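# build me a structure from this.
(4 chains)
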2 protein chains.
Amino acid sequence: MAPRRPTMNDVAALAGVSLSTVSRVVNGDGAVRAGSVERVQGAIRALGYRRDHAASTLRRSDRASASVGIVFEDVSNPFFSSIHRGVEEVARARGVLTFVASSDEDPDRERELVHGLCARHVDGLIIAPVAPNHAFLEAELEGGVAVVFVDRPPAAIEADAVLIDNPGAAAAAVDHLVAAGHGRIGFLGDREALFTARERLRGYRESLARHGIPYDDALVRLGLADAGASNAAAVELLDRPDSPTALLTSQNLVTVGAVHALQKLGRHHEIALVGIDDVPMADAVEPRITVVSQDPVALGRVAGEVLFARLDGEDDPPRRVIVPTEFVVRGSGEIRPGGARE
Amino acid sequence: MAPRRPTMNDVAALAGVSLSTVSRVVNGDGAVRAGSVERVQGAIRALGYRRDHAASTLRRSDRASASVGIVFEDVSNPFFSSIHRGVEEVARARGVLTFVASSDEDPDRERELVHGLCARHVDGLIIAPVAPNHAFLEAELEGGVAVVFVDRPPAAIEADAVLIDNPGAAAAAVDHLVAAGHGRIGFLGDREALFTARERLRGYRESLARHGIPYDDALVRLGLADAGASNAAAVELLDRPDSPTALLTSQNLVTVGAVHALQKLGRHHEIALVGIDDVPMADAVEPRITVVSQDPVALGRVAGEVLFARLDGEDDPPRRVIVPTEFVVRGSGEIRPGGARE
DNA sequence: CTGAAAGCGCTTACAG
DNA sequence: CTGAAAGCGCTTACAG
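Sure thing, here's the model as predicted:
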């Protein structure tokens, strides 16, 4: 069977020094004679020794495991995998590895994942939260893990959060459509249980109000969790009397569904559309899709930086960091009522 | 500061039993009196105790940590994040958590990641390899980690691999284009250093040969690592005298770049295109994109199943599992030479 | 059914 | 500069 991996003891024996000395060399602890260092390093090479990180973590005073956990709704959603990428960039610079898991929007599963991750001694946690209450994190925080929320703030607990200006993004989209002459602007949104969905809806309403346009429930469809649901909702909405001349889609999958619906109906040159979140191939579609784009890699990078700042001992009160969005004009948002191009 | 997390000793003290008994209860080891079980469970609840997984791993005989490591080229590439999703699905059913990291196509980094993961005691590894040689894994394999390769086979080492039929996918695309009447079929491919790129090119050549079409270097562009490079290559290729009437794009980012190029040139209704790998929004583009689609979630699921079978003790010789692809006819691949639709 | 003791691979005072 | 010893939180024989 497997010939046991070499341990520090094996290295010590081969180098003819004590375990302590090997530990000092491995950790670069300085106070070791040059000759001993060489003998130890020779033994390490000869045996192919590598430190057992888990054992090291167990014993060392700071308990740092050089790993962090990330909990998303769905790791295969490009929005989240890009956030992961951003976190990884800053983690890598510190030799930190990342666990990544999907909550599938199940609060119970989110909690289980957090506990599983903490049981594996992650130094910190980055969470795109779904649970309505994160008080269960209190114990972990006291245990020393750092936690940063991303995309959505925590509920019932104080912690750092890295967000975009959700109402602002929706309002910018409405402003843009109003400027193009639209008065009947439909809103296709995700489930209201989600913070981002609620906040974007709020921005939509507030911007309408500022423009003196009455809010009309008949133009709003919520609870769209995937492209299929969005597609169906768009078809239904556009089939009604007094249907909207423009659509605001609140999220990338919702945008994809609405674009499909417009293509299917042959009304993609007639109905204006502005999405929140960029979508892949947005500039290969006809018309090209105007969006308020987030930079998910930047979101992840900032979340990672905030997390590591905490791990480095920063102890300011919890803060909210807002990562800027960008308005990307491409064509679909510049269609005037009736189908003319600006 | 942080009030130390409760340990098994704290539970034992509160429950008035020994450490061993607590361990038996926590591990469901059976042979404990019902009354003791209750007292221990009460203490666990009262203290909010949760087992330290890392310490448990260190001591237990099988050394299982209930975590696996995944190494991809780039975690934010949807192809890979979908594979991750598939792995996660089977891992979740076993309470296993996944580390995920990007090699960025750097063999050195791939090796470092593997070592970092093994130092953190992963039970197994799933790798989409970039290194030209994986002999460095030998030591880890002997140390007991299971390794499964996905998307590309290992080099210089025997291990399980989960792949698609790459030459077959490319050949199917060529067959389809030839059937539509094309004789000059361009090939846009990724770097030849990649197994998949080489194998798809081979399938392209073999299919041309079967159809009696001479291979022409002037129609082939390789080394396209991203959409931008592919875009530029397509523009350049189509600008030449005797340019192709159809394109075979060997990978999702390459397809995206080529689609952009065709749109930009206004030749998307004239030049046929078949891609390998599906792309997002493929059916929202005009014409809709015909592809040989892989199922990356299935790739990940199968890789996970093979990995866990090994961890369960299966010791057949290393095997290759081929996950089927699907030919998805959507429009772009059915354009005839000269631009007519089939 | 239960407990005392050893030990997983490492780090960290403590002496020298 | 170096080593012997204790101990991180747990599991696992071994006795009883």
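# list the contacts for the closest residue to A:Ala171 other than its chain neighbours?
Leaving out its chain neighbours, the residue that sits closest to A:Ala171 by C-beta to C-beta, 6 or more residues apart in numbering or on different chains is A:Ser207, at 3.8 Å. Placement of C-beta: from N, CA and C, glycine included. A:Ser207 is in contact with A:170-171, A:174-175, A:178, counting by C-beta atoms under 8 Å, 6 or more residues apart in numbering or on different chains.
# now with 7 Å?
A:170-171, A:174-175 (C-beta atoms under 7 Å, 6 or more residues apart in numbering or on different chains).
# got any ranges where chain A has weak pLDDT?
The model of chain A has pLDDT under 70 over residues A:1-4, A:30, A:61, A:63, A:340-342.
# mind doing that once more with 50?
Along chain A, the parts satisfying pLDDT under 50 run over A:1-2.
# okay, strands next: where are they in it?
A:67-72, A:97-102, A:124-127, A:146-150, A:160-163, A:185-188, A:220-221, A:246-249, A:272-276, A:290-293, A:320-322, A:326-328 (DSSP state E).
# now those in CSV, with mean neighbour count?
Shown next, in CSV, are the strands of chain A (neighbours: other C-beta atoms under 10 Å in any protein chain shown):
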stretch, mean neighbour count
strand A:67-72, 26
strand A:97-102, 24
strand A:124-127, 27
strand A:146-150, 26
strand A:160-163, 24
strand A:185-188, 26
strand A:220-221, 20
strand A:246-249, 30
strand A:272-276, 28
strand A:290-293, 24
strand A:320-322, 13
strand A:326-328, 14
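# could I get those as TSV with distance to B:Glu286?
Listed next are the strands of chain A as TSV, based on distance: least, C-beta to C-beta, whole Å:
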stretch	distance to B:Glu286
strand A:67-72	33
strand A:97-102	34
strand A:124-127	39
strand A:146-150	36
strand A:160-163	36
strand A:185-188	22
strand A:220-221	26
strand A:246-249	19
strand A:272-276	16
strand A:290-293	18
strand A:320-322	37
strand A:326-328	20
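# wait, which of these is closest to DNA strand D?
DNA strand D lies closest to strand A:67-72 among the strands of chain A, at 16.8 Å (C-beta to the nearest atom of the strand).
# is chain B contacted by that closest one?
Yes - against chain B, strand A:67-72 shows contacts by C-beta under 7 Å from any C-beta of the partner chain at A:Ser67.
# packing partners of that strand?
Applying 3 or more C-beta pairs under 7 Å, 6 or more residues apart in numbering or on different chains; DSSP states H and E, one finds that strand A:67-72 contacts helix A:78-92, strand A:97-102, helix A:107-119, strand A:124-127.
# let me know whether the last one sits next to chain B.
No - for strand A:124-127, no contact with chain B is found by C-beta under 7 Å from any C-beta; the gap never falls below 12.5 Å.
# which residues of the stretch 101-250 of chain A lie near chain B?
A:101-102, A:115-117, A:119-121, A:139, A:142-144.
# among the helices and strands packed on strand A:67-72, which is nearest DNA strand C?
DNA strand C lies closest to helix A:107-119 among the helices and strands packed on strand A:67-72, at 15.8 Å (C-beta to the nearest atom of the strand).
# and that closest one, how far out from the chain middle?
Relative to its chain's centre, helix A:107-119 lies at 17 Å (C-alpha atoms, centre = their mean, to the nearest Å).
# which parts of that helix are buried?
A:107, A:109-111, A:113-119 (16 or more other C-beta atoms under 10 Å in any protein chain shown).
# which non-adjacent residue is nearest the residue of the stretch 101-250 of chain A found nearest DNA strand D?
In the stretch 101-250 of chain A, no residue comes nearer to DNA strand D than A:Ala119, which is 8.2 Å away by C-beta to the nearest atom of the strand. Ranked by C-beta to C-beta, 6+ apart and with sequence neighbours excluded, the top spatial neighbour of A:Ala119 is B:His53, at 3.9 Å.
# OK, contacts around that neighbour?
Per C-beta under 7 Å, 6+ apart, neighbours of B:His53: A:119-120, B:66.
# could I get the full set of helices for chain A?
A:8-15, A:19-26, A:34-47, A:53-59, A:78-92, A:107-119, A:138-142, A:166-179, A:195-210, A:227-238, A:252-265, A:296-311 (DSSP state H).
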